[in-house]
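Visitor: Structure, please.
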Amino acid sequence: MGNVRAALFNYLFAKHTQGTFVLRIEDTDKERSKPEWEQDITDNLKWLGLAWDEFYRQSERTEIYAKYLTQLLEQGKAYYCFCKAEDLEAQRQDQLSRGVAPRYAGTCRQLTEAGGKEKKSAVIRFVVEKKIVEFKDLVRSQVKFDAGLLGDIVIAKDLVTPLYNFSVVVDDFEMNITHVIRGEDHLSNTPKQTLLQEALGFPMPAYAHLPLVLGGDRTKLSKRHGDDSVAQFKTQGYLPEAIVNFLVLLGWNPGDNRELFTLEELVKEFSLEKVHKGGAVFNPKRLDWINGSYIRKKSLSELAELCKPYLKLAGFNPEPAEKLEKVVSLYQERLKKLSEIVELADFFFKDTLSYPKDILRWKKYSEEDAKNALEQCKKIAESVKENEWTKEKLEQVFLAEAEKVGDRGYLLWPLRVALSGKEASAGPFEIASVLGKEKTVERIQVALQLLS
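Guide: Reported below is the predicted structural model:
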């Protein structure tokens, strides 16, 4: 969700300033890139409504990277490094044991290519000057780094396999990127990219590093805090507009108490000046509240269509549409996510219900009392004409009888349980009006048989 939030902030800033939103797939490392992962990214952005203006794959741009790598090598600003991984790790451990920040010692910096060294076994390192790198961040203000602590950094595995910091610098220049908006975990990459920009003679884009998204314990967000892929949130029944609305409030505020925004409203309102410096806490309950708010804004026909796949997946037939809309209307105010419709309303789509007979009893009453109450309910239901079978009519006749008893629960609790098979559900009149007279009487009879 932190990655999606970064994409959202880029989208909103680009659209607010009439700019271009660029989607760039960084896939030069074949071991860490798969077509299905790219598909997941593009599918999720489309679902959220974040349409890009330009699309690039770095794997299709290797000739461009090779040109600039060759330029740095020829100018002596980069060199081939033949050091073995085990030697570098030993060097790193030695530095750590002496309390020194790990960095490459520059072993191959002055090395010539003579002596039988083969480039295919080497990486390409960039010569890092010992200097203070300073830049203005649009969120964090002025930022300083001591480049002397970095050592010479690896910028490519070979001429056609650039690493992240090099490839994005080249792409930002070639694509005329003016603003880079990303998480503050990338802040340490910025001085490396700044040095590369200077070495290549590129202008520096403006950087904005967003505060991290944190879990409830204020550590970096992870799955244990409820974070998951966008596809998983979609599967659980969250709406795209709710995800967008929730994510934008993680680190940004409009300056007032408003909490619900359309994407169009966010484009109009968004500015980097209103992005917070401190970490934003991921609160799943707030996401549920926002999602529920959007569910309540849907028309019954829209909501029924959105709920239909979840019922089908559970093995239920959600047809006809008229019945499904009636069912959905009973739970629209209670749904926090679409998937909950299955657990809440499954009894509408079952031929038979299974539940313990004990839950038919209301508070202090016995099973015999419950049985008597249900026999009374059956008679009342049978007395109502088919053409008068409405929630209003059922409420009228059942409440009239309940008032005679002096305890609504005595009559209505076992009725509701008999119709739903649940201790918690919609009201008995609403349920009966959807089930119809025949199914209502049938379920009351089944409950009576259970008590017998």
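Visitor: Provide the secondary structure category for residue 38.
Guide: Here residue 38 is recorded as helix under DSSP: H, G, I helix; E, B strand; the rest coil.
Visitor: For it, which residues are in contact?
Guide: 25, 27, 57 (C-beta atoms under 8 Å, 6 or more residues apart in numbering). From N, CA and C alone the C-beta is placed, and that goes for glycine too.
Visitor: mind running it again at 10 Å?
Guide: Each residue near residue 38 by C-beta atoms under 10 Å, 6 or more residues apart in numbering is listed here: 23, 25, 27, 57, 59.
Visitor: Give me the lowest-pLDDT entry from those residues.
Guide: Among these, residue 27 carries the weakest pLDDT, at 90.
Visitor: all helices for the stretch 101-250 of the chain, in order.
Guide: With helices called from DSSP state H, counting those that start in this stretch, the stretch 101-250 of the chain shows them at 164-174, 190-200, 230-236, 240-248.
Visitor: Looking at these, which is nearest to residue 344?
Guide: helix 230-236 (14.7 Å; C-beta to C-beta).
Visitor: mind listing what's buried in the closest one?
Guide: 230, 233-235 (16 or more other C-beta atoms under 10 Å).
Visitor: Between the residues you listed, which sits nearest residue 245?
Guide: residue 233 (12.9 Å).
Visitor: related to what we said a few turns ago, for residue 428, find the nearest of the helices of the stretch 101-250 of the chain.
Guide: helix 230-236 (29.9 Å).
Visitor: Which residue is the nearest non-sequential neighbour of residue 338?
Guide: Among residues not flanking residue 338 along the chain, residue 237 sits closest, at 3.0 Å (C-beta to C-beta, 6 or more residues apart in numbering).
Visitor: now stretch 78-88, how far from the chain's geometric center?
Guide: Its chain's C-alpha centre and that of stretch 78-88 lie 40 Å apart, by C-alpha atoms, centre = their mean, to the nearest Å.
Visitor: mind listing what's buried in that stretch?
Guide: Neighbour count says stretch 78-88 has 78-83, 88 buried, by 16+ other C-beta under 10 Å.
Visitor: all strands for the stretch 351-452 of the chain, in order.
Guide: Read by DSSP state E, counting those that start in this stretch, the stretch 351-452 of the chain holds no strands at all.
Visitor: gap between residue 252 and residue 266?
Guide: 9 Å (C-beta to C-beta, to the nearest Å).
Visitor: Who has more neighbours out of these two?
Guide: residue 252 (24 against 20; other C-beta atoms under 10 Å).
Visitor: Could you double-check that that one sits in contact with residue 280?
Guide: Yes: using C-beta atoms under 10 Å, residue 252 is in contact with residue 280, at 8.4 Å.
Visitor: List the residue ranges of the protein that fall below the pLDDT cut-off.
Guide: For the chain, applying pLDDT under 70 flags the ranges 112-120, 223, 225-227.
Visitor: Swap in 50 and give it another go.
Guide: Applying pLDDT under 50 to the chain picks out residues 114-116.
Visitor: got TSV for the helices of the stretch 101-250 of the chain, with distance to residue 359 too?
Guide: What follows is the helices of the stretch 101-250 of the chain, written out as TSV (distance: least, C-beta to C-beta, whole Å):
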stretch	distance to residue 359
helix 164-174	59
helix 190-200	61
helix 230-236	28
helix 240-248	34
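Visitor: for stretch 9-25, how far is the first residue from the last?
Guide: 17 Å (C-alpha to C-alpha, to the nearest Å).
Visitor: Distance from that stretch to the middle of the chain?
Guide: With C-alpha atoms, centre = their mean, you get 19 Å for stretch 9-25.
Visitor: cool, and stretch 251-266?
Guide: Per C-alpha atoms, centre = their mean, the centroid offset for stretch 251-266 relative to its chain is 18 Å.
Visitor: what does stretch 349-362 give?
Guide: 37 Å.
Visitor: Mind listing what's buried along it?
Guide: 349, 353, 355, 360-362.
Visitor: Same question for stretch 251-260.
Guide: 251-252, 254.
Visitor: Would you format those as TSV with distance to residue 431 and secondary structure included?
Guide: Shown next, in TSV, are the buried residues of stretch 251-260 (distance: C-beta to C-beta, whole Å; DSSP: H, G, I helix; E, B strand; the rest coil):
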residue	distance to residue 431	secondary structure
251	44	coil
252	43	strand
254	42	coil
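Visitor: quick one: which of the residues you listed is nearest to residue 148?
Guide: The closest of these, once distances to residue 148 are taken by C-beta to C-beta, is residue 251, at 32.1 Å.
Visitor: Nearest residue to the residue minimising distance to the centre of the chain in space, please, no chain neighbours.
Guide: Closest residue to the average C-alpha location of the chain: residue 230 at 3.8 Å, with C-alpha atoms, centre = their mean. Closest residue in space to residue 230, ignoring its immediate chain neighbours: residue 44 at 4.1 Å, by C-beta to C-beta, 6+ apart.
Visitor: List phi and psi for that neighbour.
Guide: Here is the backbone geometry of residue 44 (degrees, to the nearest 10): phi -70, psi -40.
Visitor: can you redo the buried residues of stretch 349-362 as TSV with distance to residue 70?
Guide: Shown next, in TSV, are the buried residues of stretch 349-362 (distance: C-beta to C-beta, whole Å):
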residue	distance to residue 70
349	66
353	74
355	75
360	82
361	84
362	84
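Visitor: Quickly note the distance from residue 325 to residue 348.
Guide: Residue 325 is 12 Å from residue 348, by C-beta to C-beta.
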